[in-house]
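S.K.: With the input below, show me the fold.
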Amino acid sequence: MMAHSKLERLGFDPTIPNEARMCDYFIGGKDNFAADREAARRALELAPELPMMCHEGRRFLSRAVRYLAGAGIRQFIDIGCGLPTQGNVHEIAQEVASDSRVAYIDNDPVVVVHAQALLEDDKQTAVIEADARDPDQILGHPRLNNLIDLREPVAVLLLFTLVTIPEDELAAHIVRRFRDAVVPGSHLAIAHSVSDLRPETTAKLAALYQDDGVVSGPRRDQLRSKADIERLFEGLSLVEPGVAYLPEWRPDPGETYTGPGTIWAVGGIGRKDA
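M.R.: Now for the predicted structure:
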């Protein structure tokens, strides 16, 4: 982990917990701060299954990227990419097609500095500090446009990014803006924790994350529902099996699912046909 003095020069406040660093803590990583660990421990008291949720999120990312690369996509924009771990988007995509290119986007200076150091010599990736709340900043960024040709099909990944944006209209705007900016043949992938299966737990977690500053913006009492996430795919053709709980979305042979209610996050991929 970088020294606090360097992070402070980047405008970073280590006393505010971050969801990506909390997930890093859940899965045994070391790229987290005391505030992240304390918030994570309180979250685990409410939902001990959170480490399993993080692992399932990584499995979904792997399956989704392999599907997209297999469908011919060679350009990826990973928005809210989180901390670098094994099995990053470029590694998965390039196993299928070595010419795959990936732009990683995050608004956390810790993520950006780590990812830039990791990918410094990789000419098929770019790491950009930008905020999902401003799609036009991302789409117009020169580093993105030097790597990604928006005149060709692209996959936009919003994996657990919209969870940190409480405003429903803004979340819908973000999806629409990327949907409208990409050409037919492009895809959008979304993963999102939902309230349907564990409403009491997710309501308490929503309050905790807002109280601790993990999520900023207008206060909401509950996470979005599975139906809310399905509506975000308006104007796109859903890839089978549609929006599904993560372990049920195209599981690999031999993958086991511990049962309904254990994983309360959904994912899906939509294709732009016209």
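S.K.: pLDDT averaged over the host helix or strand of Ile269, what's the number?
M.R.: For Ile269, the element it lies in under DSSP states H and E is strand 265-271. The pLDDT scores in strand 265-271 average 98.
S.K.: Over to stretch 146-154?
M.R.: Mean per-residue pLDDT for stretch 146-154: 97.
S.K.: For it, measure first residue to last.
M.R.: End-to-end distance of stretch 146-154 (C-alpha to C-alpha, to the nearest Å): 14 Å.
S.K.: Enumerate the positions of it that are buried.
M.R.: 147-148, 153-154 (16 or more other C-beta atoms under 10 Å). C-betas here are computed from N, CA, C, even on glycine.
S.K.: How about stretch 202-210?
M.R.: Using 16+ other C-beta under 10 Å as the test for burial, stretch 202-210 gives 202-206, 208-210.
S.K.: got TSV for the buried residues of stretch 146-154, with distance to Leu197 too?
M.R.: What follows is those, written out as TSV (distance: C-beta to C-beta, whole Å):
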residue	distance to Leu197
Leu147	39
Ile148	36
Pro153	34
Val154	32
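S.K.: In space, what's closest to the residue positioned nearest the centre of the chain - neighbours in sequence excluded?
M.R.: Residue closest to the average C-alpha location in the chain (C-alpha atoms, centre = their mean): Leu159, at 2.6 Å. Computed as C-beta to C-beta, 6 or more residues apart in numbering, the closest residue to Leu159 that is not its neighbour in sequence is Ala191, at 4.3 Å.
S.K.: Strand 265-271 and the helix or strand hosting the one you found, what's the angle between them?
M.R.: Here Ala191 sits within strand 187-193, counting by DSSP H and E. Going by axes from the mean of the first three to the mean of the last three C-alpha atoms, to 10 degrees, strand 187-193 is angled at 170 degrees with respect to strand 265-271.
S.K.: other SSEs contacting strand 187-193?
M.R.: For strand 187-193, the elements it packs on are helix 50-70, strand 155-159, helix 168-181, strand 265-271, judged by 3 or more C-beta pairs under 8 Å, 6 or more residues apart in numbering; DSSP states H and E.
S.K.: got the contact list for it?
M.R.: Residues from elsewhere that reach strand 187-193, judged by C-beta atoms under 8 Å, 6 or more residues apart in numbering: 53, 57, 60-61, 64, 68, 71, 73, 153-160, 162-163, 175, 178-179, 182, 202, 223-224, 229, 232-233, 236, 239, 246, 264-272.
S.K.: one more time with 7 Å
M.R.: Defining contact as C-beta atoms under 7 Å, 6 or more residues apart in numbering, one finds that strand 187-193 is touched by 57, 60, 64, 68, 73, 155-160, 162-163, 175, 178-179, 202, 223-224, 229, 232, 236, 246, 264-271.
S.K.: C-terminal to that strand, what's the next element?
M.R.: helix 199-211.
S.K.: partner residues bridging Ile128?
M.R.: Ile105 (DSSP bridges).
S.K.: wait, what's in contact with it?
M.R.: Counting by C-beta under 7 Å, 6+ apart, Ile128 makes contact with 103-105, 141, 143-144.
S.K.: Glu91: which of those residues is nearest?
M.R.: Nearest to Glu91 among the contacts of Ile128: Tyr104, at 12.0 Å, using C-beta to C-beta.
S.K.: From Ala244, how far off is the residue nearest to the closest one when sequence neighbours are not counted?
M.R.: Leaving aside its chain neighbours, Tyr104 sits nearest to Cys81 (4.2 Å; criterion: C-beta to C-beta, 6+ apart). Cys81 sits 23 Å away from Ala244, going by C-beta to C-beta, to the nearest Å.
S.K.: Next, the contact list for Asp24, please.
M.R.: With contact taken as C-beta under 7 Å, 6+ apart, Asp24 is in contact with 31-32, 83.
S.K.: follow-up on the earlier one: what two of the buried residues of stretch 146-154 have the greatest distance between them?
M.R.: Leu147 and Pro153 (14.7 Å).
S.K.: which one of Cys81 and Ala244 has more residues nearby?
M.R.: Counted by other C-beta atoms under 10 Å, Cys81 and Ala244 do not tie: Cys81 has more neighbours, with 25 against 17.
S.K.: I figured that one hits Ala103, correct?
M.R.: No. The pair Cys81 and Ala103 does not pass the contact test of C-beta atoms under 7 Å, sitting 9.1 Å apart.
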